[in-house]
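Trainee: dropping the sequence and predicted coords here.
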Amino acid sequence: MKIKTHILAPLMLTLFLAGCQGGTVNDLVPNGANTQLPAKLVQSMKTKGMTATSPIMFRIFKEENVLEVWKRKDNGRYDIVTSYQICKWSGKLGPKFIEGDRQAPEGYYAVRPAHMNPKSSYYLSFNTGFPNALDRALGRTGANLMVHGACSSSGCYSMTDGQVAQIYAFARDAFKGGQESIQLQAYPFRMTAANMARYKDDPNYAFWKNLKEGYDHFEITKVPPKVDVCEKKYVFNHTSDPNAPIAATSTCPPSDQPESLKMAYQSYQTNYESAFSSMVGKGKIQAPARSIQGLTEAKIIAEWSQRRARGERVTQEPPSLSPQDADAANKPQIMVRLASAVAADKAKEEREASKRSRMHTPAVAATPVPQQTPAPAPMTTAAIAAPEAAAPVAAPAPAKKAWWKIGGN
């Protein structure tokens with residue numbers, strides 16, 4: 001049967017555009033990008049006064065391994081819809097500093113429609129939006145930091161495929177409803193008085209206190225805060241004038257927060273300070289988790305990542321600094337210890353390889369070579385009288401250095 005080209009061409013063009021631009025031809029969208037939310041979850045949203053396409057917000061807590069989905073109700077305030085256990089996140093508590101440090105970011109990010117990736121190698125994904133204005137002002141680097149499936153992470157927040165399909169659906173439907181960007185709040189832990197007291201001596205504490213300001217604004221209002229950056233820090237609900245941009249490295253302009261918000265925030269802080277003081281020095285508090293010890297450790301891990309990517313022998317796990325190392329004045333000594341650890345691992349591996357090689361090499365019996373014993377020379381009177389003056393015995397030849405130790409290892 002002959003197909004008319006004037007009919008086929010428009011159809012092929014439609015399919016091509018849909019595939020390249022994320023059109024409405026559902027059959028061309030791979031993986032679970034068209035997954036619908038469970039009926040039970042949809043009914044729960046309706047009960048709370050939410051629609052399928054109403055705006056959403058994400059909150060991530062590293063230490064608790066939780067990703068929360070919040071959605072706007074018909075009264076304008078947000079309520080939690082559901083939460084998911086994070087399958088795996090990379091690095092330690094603390095922000096991302098530089099490319100290769102394996103840190104999952106912390107801070108306030110904007111997820112936009114262009115960040116959605118239905119063709120991800122990790123089932124489905126969306127970009128967190130790192131680096132944001134604060135990251136750039138602080139010189140922090142990195143790219144392609146995602147929330148994705150496949151439960152595998154190197155600087156990302158990884159979910160199971162089933163989880164990310166639902167999370168993706170929440171974002172997809174919100175964008176369909178007209179939401180231009182989704183706020184993603186990433187925290188090291190729930191910013192309670194007890195947790196802040198646990199981490200009061202951590203090198204990241206000042207940064208976390210800044211994050212807590214936005215956390216508190218949301219706890220008070222149940223509305224995602226307006227986030228700006230000035231003086232290389234976050235400021236929240238600082239100005240309501242969209243025509244008055246705030247420069248990330250410039251002096252913060254005067255705040256014009258509503259008086260009601262100022263009073264509510266001050267009351268909240270008064271209660272918090274009282275709770276925080278009661279927790280400091282209190283026994284039986286959960287020990288803090290490991291955190292990245294600043295830019296020094298980030299650089300060491302980034303170097304480890306680069307060497308690993310080049311195929312060089314490195315330790316199985318990324319190097320890690322203790323607080324004592326991070327505070328040490330002589331940083332080169334830290335690098336020497338890390339290099340020694342790598343060298344020790346390499347030497348051990350080569351010794352084991354040599355041992356395995358010898359075990360699998362058949363022994364060859366040596367043929368004995370007959371030796372003639374020379375006739376003894378006649379002894380002189382001088383030799384008898386002074387045996388120490390006789391010809392010296394040749395020193396044995398030095399043992400050969402094992403091959404696996406050659407080269408300074």
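Mentor: That came through, no problem.
Trainee: mind listing residues that contact the host helix or strand of residue 197?
Mentor: Assigned by DSSP states H and E, residue 197 belongs to helix 193-198. Among residues not part of helix 193-198, those counted as contacts by CB atoms under 8 Å, 6 or more residues apart in numbering are 63, 189, 208-209, 212, 272, 275-276, 278-280, 282, 285-288. Any C-beta I mention is one placed from the backbone N, CA and C, and that applies to glycine too.
Trainee: can you pull the contacts of residue 292?
Mentor: Applying CB under 8 Å, 6+ apart to residue 292 gives the contacts 91, 92, 93, 94, 95, 97, 101, 103, 204, 298, 301.
Trainee: quick check: phi and psi on the residue lying closest to the first one once chain neighbours are set aside?
Mentor: Take residue 91 and drop its neighbours on the chain: the residue closest to it by CB to CB, 6 or more residues apart in numbering is residue 103, 3.8 Å away. As for residue 103, its main-chain torsions (degrees, to the nearest 10) stand at phi -80, psi 130.
Trainee: how far does stretch 127-145 stretch from start to finish?
Mentor: Chord length of stretch 127-145, first to last residue, is 6 Å (CA to CA, to the nearest Å).
Trainee: settle this for me: the residue nearest to residue 91 is touching residue 93, isn't it.
Mentor: No. Residue 103 is not in contact with residue 93 according to CB atoms under 8 Å; the separation is 9.3 Å.
Trainee: who has more neighbours out of these two?
Mentor: Regarding residue 103 and residue 93, a neighbour count based on other CB atoms under 10 Å identifies residue 103 as having more, with 26 against 21.
Trainee: now the helices: where do they sit in the stretch 101-250 of the chain?
Mentor: Taking DSSP state H, counting those that start in this stretch, the helices of the stretch 101-250 of the chain run over residues 133-137, 161-176, 193-198, 205-221.
Trainee: can I get these in CSV with mean pLDDT?
Mentor: Compiled in CSV, those are given as follows (pLDDT from 0 to 100):
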stretch, mean pLDDT
helix 133-137, 97
helix 161-176, 97
helix 193-198, 96
helix 205-221, 98
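Trainee: which one of these lies nearest to residue 243?
Mentor: Smallest distance to residue 243 across the helices of the stretch 101-250 of the chain (CB to CB): 17.5 Å, for helix 133-137.
Trainee: packing partners of that closest one?
Mentor: Judged by 3 or more CB pairs under 8 Å, 6 or more residues apart in numbering; DSSP states H and E, helix 133-137 is in contact with strand 227-230.
Trainee: show residues contacting the strand it packs on.
Mentor: Taking CB under 8 Å, 6+ apart as the rule, strand 227-230 contacts 108, 132-134, 137, 183, 214, 234-236, 238-239, 246-253.
Trainee: which ones are touching residue 174?
Mentor: 53, 54, 55, 56, 182.
Trainee: which of those residues count as buried?
Mentor: 54, 55, 56, 182 (16 or more other CB atoms under 10 Å).
Trainee: find the nearest non-adjacent residue to the last one, please.
Mentor: Once its chain neighbours are removed from consideration, residue 182 has its nearest residue in residue 111; the separation is 4.3 Å (CB to CB, 6+ apart).
Trainee: burial count for residue 100?
Mentor: So residue 100, with other CB under 10 Å, has 21 neighbours.
Trainee: wait, it sits on residue 308?
Mentor: No. Distance between residue 100 and residue 308: 9.4 Å, which falls outside the contact criterion (CB under 8 Å).
Trainee: returning to that earlier point: for the helices of the stretch 101-250 of the chain, give me a markdown table that also has distance to residue 115.
Mentor: Output for the helices of the stretch 101-250 of the chain, formatted as a markdown table (distance: least, CB to CB, whole Å):
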| stretch | distance to residue 115 |
| --- | --- |
| helix 133-137 | 15 |
| helix 161-176 | 9 |
| helix 193-198 | 29 |
| helix 205-221 | 20 |
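Trainee: residue 352 is nearest to which of the ones you listed?
Mentor: helix 161-176 (38.4 Å).
Trainee: name the residues of the closest one that are buried.
Mentor: Under 16+ other CB under 10 Å, the buried positions of helix 161-176 are 161, 163-175.
Trainee: please apply the same query to stretch 298-318.
Mentor: Buried, per 16+ other CB under 10 Å, within stretch 298-318: 298, 299, 300, 301, 302, 303, 304, 305, 314, 315, 318.
Trainee: what packs against the strand or helix carrying the third one?
Mentor: This points to residue 300. Element membership for residue 300 (DSSP H and E) is helix 294-309. The helices and strands touching helix 294-309, judged by 3+ CB pairs under 8 Å, 6+ apart, are helix 323-327, helix 331-359.
Trainee: check the offset of stretch 162-172 from the chain's centre.
Mentor: Stretch 162-172 sits 21 Å away from the centroid of its parent chain (CA atoms, centre = their mean, to the nearest Å).
Trainee: using PDB, list the CA coordinates for that stretch.
Mentor: Taking C-alpha atoms only, stretch 162-172 is exported to PDB below (Å, rounded to 0.1, in the frame of the first residue of the first chain):
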ATOM      1  CA  GLY A 162       8.600   3.800  42.600                       C
ATOM      2  CA  GLN A 163       9.200   6.800  44.900                       C
ATOM      3  CA  VAL A 164      10.700   9.100  42.300                       C
ATOM      4  CA  ALA A 165       7.800   8.300  39.900                       C
ATOM      5  CA  GLN A 166       5.300   9.800  42.500                       C
ATOM      6  CA  ILE A 167       7.600  12.700  43.400                       C
ATOM      7  CA  TYR A 168       8.000  13.400  39.700                       C
ATOM      8  CA  ALA A 169       4.200  13.300  39.300                       C
ATOM      9  CA  PHE A 170       3.700  15.900  42.000                       C
ATOM     10  CA  ALA A 171       6.100  18.300  40.300                       C
ATOM     11  CA  ARG A 172       4.700  17.500  36.800                       C
END
